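# Provided below are the primary sequence and the corresponding predicted coordinates.
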Protein chains: 2
Amino acid sequence: MSDMLRDLSGDTALFSLNTATVRERWDLAEIIDGCVRHNISSITPWRDQVAKCGLGEAAIRIQDAGLAVTSLCRGGYFPAANAEGRQTAIDDNRRAIDEAATLGAACLVLVVGGLPDGTKDIEDARSQVFDGMSAIMEHARACQIPLAIEPLHPMYAADRACVNTMRQALDLCDELGEGIGIVADVYHIWWDPELADQIARAGNDNRLLVFHVCDWLVPTNHLFLDRGMMGDGIIELKKIRAMMETAGYRGSCEVEIFSADDWWKRDPDEVLRTCIERHQSVV
Amino acid sequence: MSDMLRDLSGDTALFSLNTATVRERWDLAEIIDGCVRHNISSITPWRDQVAKCGLGEAAIRIQDAGLAVTSLCRGGYFPAANAEGRQTAIDDNRRAIDEAATLGAACLVLVVGGLPDGTKDIEDARSQVFDGMSAIMEHARACQIPLAIEPLHPMYAADRACVNTMRQALDLCDELGEGIGIVADVYHIWWDPELADQIARAGNDNRLLVFHVCDWLVPTNHLFLDRGMMGDGIIELKKIRAMMETAGYRGSCEVEIFSADDWWKRDPDEVLRTCIERHQSVV
């Protein structure tokens, strides 16, 4: 039975599942079981799911299932309205690094945060991101957990991440030194006129840590929760994957789909089958 | 009566109304009358409104009202699935230039277009934009109508405009030469890490043709039709206006608000009063 499933699901060696993709109907234990059923070998869990399962329990279940942990989602959210809030964020990011180490994650993904409530100064928010990251770098290096900054689409600049292009993220990496790189998520970067150049630059500098795939739907009906399954939108997935591989990236394609009205409502086994099939056919 | 209204509405010397702001409840003739009532001295009409009114009739009404025409909205949409479609777009843009000349508009705004239906190659779409613009430059120069490329927010890259940053728009201007510049719309550019540098560059090169204001709401509930009134969102309007003026911009602040569920539903006289008041207090 296990061998038959292996045949059906095909080659998933370079496939990783970001657990957000099936989070609405499965908890972490169910997701891990699902990965085993579908012959998925790598996973990126989210911290809230890990916390609900229990960190130790999650680590054991993931190890017992033989899953590699591509990354842990996520730290970040550094800017805050006052010094206490900024310190709380730094402390939380240190815990996130510890959790990533416990889970054996290859890196910690950082969504850096946007404007603190009641503020408008994005340059100040960006300074706070730099300060917050500076404060956790030493701990990350000591734990041997690389930090992976995820530049988010500019439509999230106000409320999720004020790092919005690969160029900006890589400049930040250059300022911060070793032990840091980026998440290249096609959803956030596909439109960038500097896409090819900045992927090449990131590869040259050994900054390509994670590769996220999904698709951009036309029309897109919600700013956050209407991402598409690979192949259903307009992103040139094979072209961007080739850029990544030409730049030296050898990691997996991690599927991360936020889709409140479509994929999150479906049977998660169907979702996983579709992800694997599309990974093989269109990525 | 006219003098009293003048007093009430205050200084609108550097205020321009993009007619999209009140388009749902007023036609162009009513908008022109509204501008007179509210002591608004400059206007940017949309081509569909002008066509409905009749081009000659619109030109006369605008002139009789003593309104300056900041720009005409809009040409563009160059990419198409085949050569015939691209030629149709070029022909239409030549007509738009003629209409701008008839109306005495200071320039023609271009929203360049996105991916042709059924295609995904954004680099090819960008090449088509360059080709289309190259094909109309001579006519624009002959008519003395500067072309104003509006880089649109990256969330519109697929379906409205594949020119998405000021850097990219200014690079395109450099390739095309004289008689072309940009629209700096705060909604599209506020997030850009290169905001200050690119506004300064545009000023140095005499490329700052139009300045659009509105606001970015948090949360934003629709990708296209949920723009905010100045002051209701998180854009640092005074800071960006100062960048524009430091860079040498001496034109007006043009209010352009697409707001299907809020401002478009209100009494247009209330909308105009609010626009003028916010222009004075927060821009």
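Structure's in. What do you need? Remember, predicted model here, so these are calculated numbers, not experimental data.
# Show me what from the stretch 101-250 of chain A comes close to chain B.
Proximity of the stretch 101-250 of chain A to chain B, by Cβ under 8 Å from any Cβ of the partner chain, involves residues A:115, A:119-122, A:126, A:153-155, A:157-159, A:162, A:164-165, A:167-168, A:190-193, A:216, A:218-221, A:223, A:234-236. Quick note: C-beta positions are derived from backbone N, CA and C, even for glycine.
# rerun that using 7 Å as the cut-off
Within reach of chain B by Cβ under 7 Å from any Cβ of the partner chain, the stretch 101-250 of chain A has these residues: A:115, A:120-122, A:153-155, A:157-159, A:164-165, A:168, A:191, A:193, A:216, A:218-220, A:223, A:234-236.
# Among the residues you listed, the buried ones, what's the ChimeraX command?
To isolate the buried subset of these in ChimeraX, counting by 16 or more other Cβ atoms under 10 Å in any protein chain shown, use the following:
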select /A:115,120,122,153,154,155,157,158,159,164,165,168,191,193,216,220,223,234,235,236
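# Narrow the residues of the stretch 101-250 of chain A next to chain B to those in helices?
Members of those lying in helices (criterion: DSSP state H): A:Ile122, A:Gln168.
# quick one: A:Arg141 and A:Gly177 touch, right?
No. Assessed by Cβ atoms under 7 Å, A:Arg141 is found out of contact with A:Gly177, at 9.0 Å.
# and these two? which has more neighbours close in?
Neighbours per residue, other Cβ atoms under 10 Å in any protein chain shown: of A:Arg141 and A:Gly177, the larger number sits with A:Arg141, 16 against 10.
# what pLDDT does that one get?
A:Arg141 carries a pLDDT value of 98.
# List the buried residues in the helix or strand hosting it.
Following DSSP states H and E, one finds A:Arg141 within helix A:122-142. The neighbour-count check on helix A:122-142 (16+ other Cβ under 10 Å) flags A:Ile122, A:Ala125, A:Arg126, A:Gln128, A:Val129, A:Gly132, A:Met133, A:Ala135, A:Ile136, A:Ala140, A:Arg141 as buried.
# ok, the nearest residue to A:Phe78 once chain neighbours are set aside to chain B distance?
Among residues not flanking A:Phe78 along the chain, A:Gly132 sits closest, at 3.1 Å (Cβ to Cβ, 6 or more residues apart in numbering or on different chains). Look at A:Gly132 and chain B: by Cβ to the nearest Cβ, to the nearest Å, they are 17 Å apart.
# what sits against the residue in the stretch 1-150 of chain A that chain B sits nearest to?
The stretch 1-150 of chain A approaches chain B most closely through A:Lys120 (4.8 Å), counting by Cβ to the nearest Cβ. Residues near A:Lys120 by Cβ atoms under 7 Å, 6 or more residues apart in numbering or on different chains: B:Ile234, B:Ile235, B:Glu236.
# Over to A:Ile182?
Here A:Ile182 is in contact with A:Ala148, A:Ile149, A:Pro151, A:Met166, A:Ala169, A:Leu170, A:Cys173, A:Ala202, A:Arg207, A:Leu208, A:Leu209 (criterion: Cβ under 7 Å, 6+ apart).
# Please report the distance of the fourth one from chain B.
Taking Cβ to the nearest Cβ as the measure, A:Met166 falls 11 Å from chain B.
# Report the separation between that residue and A:Pro193.
Noted for A:Met166: a distance of 11 Å to A:Pro193, by Cβ to Cβ, to the nearest Å.
# Could you work out the end-to-end span of stretch A:187-199 for me?
Across stretch A:187-199, the terminal residues are separated by 14 Å (Cα to Cα, to the nearest Å).
# and that stretch, how far from the chain's centre?
What separates the centre of stretch A:187-199 from the centre of its chain is 16 Å, taken as Cα atoms, centre = their mean, to the nearest Å.
# now do stretch A:147-158
How far stretch A:147-158 lies from its chain's middle: 11 Å, per Cα atoms, centre = their mean.
# Same check on stretch A:120-136?
Relative to its chain's centre, stretch A:120-136 lies at 20 Å (Cα atoms, centre = their mean).
# Check which residues of stretch A:246-255 are buried.
Buried residues in stretch A:246-255, counting neighbours by 16+ other Cβ under 10 Å, are found at A:Ala247, A:Tyr249, A:Gly251, A:Ser252, A:Cys253, A:Glu254, A:Val255.
# And the strands in the stretch 151-283 of chain A, which stretches?
With DSSP state E, counting those that start in this stretch as the criterion, the stretch 151-283 of chain A has strands at A:180-185, A:208-213, A:253-255.
# could you dump those to a markdown table with mean pLDDT?
What follows is those, written out as a markdown table (pLDDT from 0 to 100):
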| stretch | mean pLDDT |
| --- | --- |
| strand A:180-185 | 98 |
| strand A:208-213 | 98 |
| strand A:253-255 | 98 |
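# Redo those as a markdown table? Include distance to B:Arg23.
Output for the strands of the stretch 151-283 of chain A, formatted as a markdown table (distance: least, Cβ to Cβ, whole Å):
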| stretch | distance to B:Arg23 |
| --- | --- |
| strand A:180-185 | 36 |
| strand A:208-213 | 39 |
| strand A:253-255 | 42 |
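# roughly how far apart are A:Val129 and B:Arg167?
22 Å.
# now A:Asp64
From A:Asp64 across to B:Arg167, the span is 50 Å (Cβ to Cβ).
# And A:Thr274, by the same measure?
38 Å.
# Got the phi and psi for the residue nearest to A:Leu110 when sequence neighbours are not counted?
Once flanking residues are discounted, A:Leu110 sits nearest to A:Gly76: 4.0 Å by Cβ to Cβ, 6+ apart. Main-chain torsions, A:Gly76, degrees, to the nearest 10: phi 120, psi -140.
# Just to check, A:Gly76 is in contact with A:Val111?
Yes. Using Cβ under 7 Å, A:Gly76 makes contact with A:Val111 at a distance of 4.3 Å.
# For the residue nearest to A:Gly118 when sequence neighbours are not counted, grab phi and psi.
Using Cβ to Cβ, 6+ apart and skipping residues adjacent in sequence, the residue nearest A:Gly118 is A:Ala81, 6.4 Å away. With angles defined as degrees, to the nearest 10, A:Ala81 sits at phi -70, psi -20.
# Thanks a lot, catch you later.
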